[in-house]
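Participant: prediction below, plus the sequence it came from.
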Amino acid sequence: MDEKGEELAAMIAEIRQRVRARNPNGAAPGDIPLPDLTPLLHARDAADAKVASIGTVNPRAPGLVNAVVQRVKRLVARALDWHVREQVEFNRAVMACVQSTLEALNEGNRTMSVLASRLNETSSRFQSETQALRGEAQELKDIRARWSEWHVHWEKTLANTEIQFLRSVAELQGAFHHRVTLMDGQYREQIKAQHADFEGALARSTEDVQKRLWGNLEEIQKRLWEDLAKLRAECDAVVHAELRVLRQKMSISRPIEQAAGSAPAPAAAQSESYESFDSIDWLRFADRFRGSETDIQQRQKIYAARFRGSVGVLDLGCGRGEMLEVLRAAGIPARGVDLNQDSIGVCRSKGLEAEQADLFGYLSALPDASLGGLICCQVVEHLPPQRLPELVRLAHAKLRTGALIAIETPNPECLAIFATHFYIDPTHRHPIPPALASFYLEEAGFGRVEIERLSPACDSMPALAELPEGFRKEFFDGLDYVAFAVKLG
């Protein structure tokens, strides 16, 4: 069984060797001759056969004699095995050495084949690059020849062009001098003609002075009649305004007298809230300096959006009732309070719910947490400085949790307010900066304070648009601002 295994291993090794030696003979790529290993292979195969037959017995025909002979031969072979064992091992080592030599030679053949193929590739690449370089050299040679020809032609063309250019410049210079001479002559002739025309016009103007004077007198008379018509229209407008105010006062006197509980506020409350200017018609003052009711309602529509869904909104200092009309148009129940009797009469004549009372006294009399919202427009600047925090705390006590408060006042951050609007009203006391208003609201318990600036100064004073944008936004932004806040608890 061991002998058969050795024979099988030897056969596998021989097959492997033959497969690896795919090209043992012939030539490598590029016609490079390789050593011929065929005789060596044959000698190795013969030696392997002899080494394999050591210790074996030749088979014979079956029979008793043959069986005995074969058994004797095997016994003799086994008996001599100790004598020839070293020789067999030596023979096998020699064959292994021969096999290794053949493998090394085959590897050398293969390496030489690879080197030959790479040499062929390098040679072909070198030939192609050499051809490309030769083509480029030829192109460069052609370019140099053509450049020499073109350069000669270009120098000739440049010389001709320079000559033509100098001739053109000389011709243009001559034409320019001729044109200047002609223009000078024409200018002198035009001056003489204009002088003659001027003398003629002067003579004619002296003759027409009287006619023009009469014409001017007629025009002056016409302008005089037009100015008289304008003055008459302005006088009619003033009379119409006075009559309108008088009719308003007459129409509001009756509902005020009939209203229950509408007694005027105590004199002490009035003196604390506003300064008394009995000789001023405040309705006419508001119509002239504050603006028409339509314009004010248009600006106050932002409050309708903010207070949408609120119930029981109070307008402190309702004036002529513009805010109440805006809230009524939006479906928001609201009432107003104001100290001025004429303003309350105007509100009631419009069907608005309004009451004449002092702001502090009216708020103090209300139950706590009874208001669903509070609006105070253009009022806090009339109060003494120490009473503004009191008003904010009083409003916090009367508002329900989550209700919104809005305080609108002139914006002192806009310098234009002091040059135009603030000091027109003689009852204005002190401006309230947005930061101070926010501080009062937060101290009283309001949260989510939001400052929104209104009425950009550029709309009423277009000259401010010429200022740098950053400076304009910092010092000339909105003429007014409104502080919104929510009662937290």
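Facilitator: Thanks, I have the structure now. Just so it is clear, the structure is predicted and the values come from calculations on it, not from any experiment.
Participant: strands of the stretch 1-150 of the chain, residue ranges please.
Facilitator: For the stretch 1-150 of the chain, applying DSSP state E, counting those that start in this stretch gives strands covering 27-28, 32-33.
Participant: could you list the low-pLDDT ranges of the stretch 151-300 of the chain?
Facilitator: Scanning the stretch 151-300 of the chain for pLDDT under 70 picks out 210, 233, 235-291.
Participant: confidence-wise, which of the strands of the stretch 1-150 of the chain is weakest overall?
Facilitator: Mean pLDDT is lowest for strand 27-28 among the strands of the stretch 1-150 of the chain, at a mean of 51.
Participant: so who does Glu322 touch?
Facilitator: 293, 296-297, 300 (CB atoms under 8 Å, 6 or more residues apart in numbering). Quick note: C-beta positions are derived from backbone N, CA and C, even for glycine.
Participant: setting aside sequence neighbours, what's the nearest residue to it?
Facilitator: Nearest residue to Glu322, sequence neighbours excluded (CB to CB, 6 or more residues apart in numbering): Ile296, at 4.4 Å.
Participant: burial of that neighbour, as a residue count?
Facilitator: Neighbourhood size, Ile296 [other CB atoms under 10 Å]: 19.
Participant: helix, strand or coil for it?
Facilitator: The three-state label given to Ile296 by DSSP: H, G, I helix; E, B strand; the rest coil is helix.
Participant: distance to Ile143 added to the contacts of Glu322, as CSV?
Facilitator: Shown next, in CSV, are the contacts of Glu322 (distance: CB to CB, whole Å):
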residue, distance to Ile143
Glu293, 91
Ile296, 87
Gln297, 87
Gln300, 86
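Participant: so among those, which ones count as buried?
Facilitator: 293, 296-297, 300 (16 or more other CB atoms under 10 Å).
Participant: what sits against Arg167?
Facilitator: If you count contacts by CB under 8 Å, 6+ apart, Arg167 has none.
Participant: any stretches of the stretch 301-450 of the chain with poor pLDDT?
Facilitator: 415-416, 418-419, 423.
Participant: so for stretch 100-107, what gets flagged as buried?
Facilitator: Neighbour counts over stretch 100-107 (16+ other CB under 10 Å) mark 102, 105-106 as buried.
Participant: phi, psi for the closest residue to Ala329 other than its chain neighbours please.
Facilitator: Using CB to CB, 6+ apart and skipping the chain neighbours, the partner closest in space to Ala329 is Ala304 (7.3 Å). For Ala304, the backbone dihedrals (degrees, to the nearest 10) come out as phi -60, psi -40.
Participant: which residues touch Ala304?
Facilitator: 326-327, 329-330, 332.
Participant: quick revisit: for the contacts of Glu322, which one is nearest Ala137?
Facilitator: Gln300 (91.4 Å; CB to CB).
Participant: what residues are up against the nearest residue in space to that closest one that is not next to it in sequence?
Facilitator: What sits nearest to Gln300 in space, not counting adjacent residues and going by CB to CB, 6+ apart, is Val326, at 5.0 Å. By CB under 8 Å, 6+ apart, the residues touching Val326 are 297, 300-301, 303-304.
Participant: for Tyr481, same thing?
Facilitator: Taking CB under 8 Å, 6+ apart, one finds 408-409, 411, 413, 434, 451-454 in contact with Tyr481.
Participant: what lines up beside the helix or strand it falls within in the sheet?
Facilitator: Following DSSP states H and E, one finds Tyr481 within strand 478-487. According to DSSP bridges, strand 478-487 forms sheet pairs with strand 399-410 (antiparallel), strand 446-456 (antiparallel).
Participant: export those strands as JSON lines, with columns for mean neighbour count and distance to Arg85.
Facilitator: Below are the strands paired with strand 478-487 laid out as JSON lines (neighbours: other CB atoms under 10 Å; distance: least, CB to CB, whole Å):
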{"stretch": "strand 399-410", "mean neighbour count": "21", "distance to Arg85": "114"}
{"stretch": "strand 446-456", "mean neighbour count": "16", "distance to Arg85": "110"}
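Participant: nearest to Gly200, of the ones you listed?
Facilitator: Using CB to CB, the nearest of the strands paired with strand 478-487 to Gly200 is strand 446-456, at 59.3 Å.
Participant: mind checking the SS state of Arg320?
Facilitator: Secondary structure assignment for Arg320 (three-state DSSP): coil.
Participant: related to what we said a few turns ago, any chance of the strands paired with strand 478-487 in TSV, plus distance to Glu86?
Facilitator: Formatted as TSV, the strands paired with strand 478-487 follow (distance: least, CB to CB, whole Å):
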stretch	distance to Glu86
strand 399-410	115
strand 446-456	110
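Participant: closest to Ser148 out of those strands?
Facilitator: Among these, strand 446-456 comes nearest to Ser148, with 76.8 Å by CB to CB.
Participant: please state the offset of that closest one from the chain centre?
Facilitator: 26 Å (CA atoms, centre = their mean, to the nearest Å).
Participant: what of stretch 358-375?
Facilitator: In terms of CA atoms, centre = their mean, the centre of stretch 358-375 is found 47 Å from the chain centre.
Participant: same question for stretch 478-488.
Facilitator: With CA atoms, centre = their mean, you get 30 Å for stretch 478-488.
Participant: residue numbering should commence at 3 henceforth.
Facilitator: Noted, 3 is the first residue going forward, which turns the last one into stretch 480-490.
Participant: now do the buried residues in that stretch.
Facilitator: 480-489.
Participant: now stretch 363-381
Facilitator: By neighbour count with 16+ other CB under 10 Å, stretch 363-381 contains the buried residues 363-365, 373-381.
Participant: longest helix in this protein, by number of residues?
Facilitator: Ranked by residue count and defined by DSSP state H, the top helix of the chain is helix 83-260.
Participant: could you check how far it is from the centre of its chain?
Facilitator: The chain centre lies 27 Å from the centre of helix 83-260; the measure is CA atoms, centre = their mean.
Participant: likewise stretch 464-478?
Facilitator: That offset, for stretch 464-478, works out to 25 Å (CA atoms, centre = their mean).
Participant: domains of this protein?
Facilitator: 4-142, 268-489 (automatic domain parsing).
Participant: using JSON lines, lay out these together with distance to Glu209.
Facilitator: JSON lines is the format used below for those (distance: least, CB to CB, whole Å):
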{"stretch": "domain 4-142", "distance to Glu209": "93"}
{"stretch": "domain 268-489", "distance to Glu209": "49"}
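Participant: just name the most buried of the ones you listed.
Facilitator: Mean neighbour count (mean count of other CB atoms under 10 Å) peaks for domain 268-489 among these, with a mean of 17.
Participant: least confident of the buried residues of stretch 102-109?
Facilitator: When the buried residues of stretch 102-109 are compared, Leu104 shows the smallest pLDDT, 75.
Participant: quick one: that residue and Arg46 touch, right?
Facilitator: Yes - under the criterion of CB atoms under 8 Å, Leu104 makes contact with Arg46 at 6.6 Å.
Participant: if we can go back for a sec, go through the buried residues of stretch 102-109 and name the one nearest Glu220.
Facilitator: Asn108 (134.5 Å).
Participant: re earlier: got the CA positions of the strand holding Tyr483 in PDB?
Facilitator: The C-alpha trace of strand 480-489 is given here as PDB (Å, rounded to 0.1, in the frame of the first residue of the first chain):
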ATOM      1  CA  GLY A 480     -41.000 105.400  13.300                       C
ATOM      2  CA  LEU A 481     -42.700 108.600  14.600                       C
ATOM      3  CA  ASP A 482     -44.800 106.500  17.000                       C
ATOM      4  CA  TYR A 483     -44.500 103.000  18.600                       C
ATOM      5  CA  VAL A 484     -46.900 100.600  20.300                       C
ATOM      6  CA  ALA A 485     -46.000  98.300  23.100                       C
ATOM      7  CA  PHE A 486     -48.000  95.000  23.100                       C
ATOM      8  CA  ALA A 487     -47.900  92.700  26.200                       C
ATOM      9  CA  VAL A 488     -49.900  89.800  27.700                       C
ATOM     10  CA  LYS A 489     -50.900  89.400  31.300                       C
END
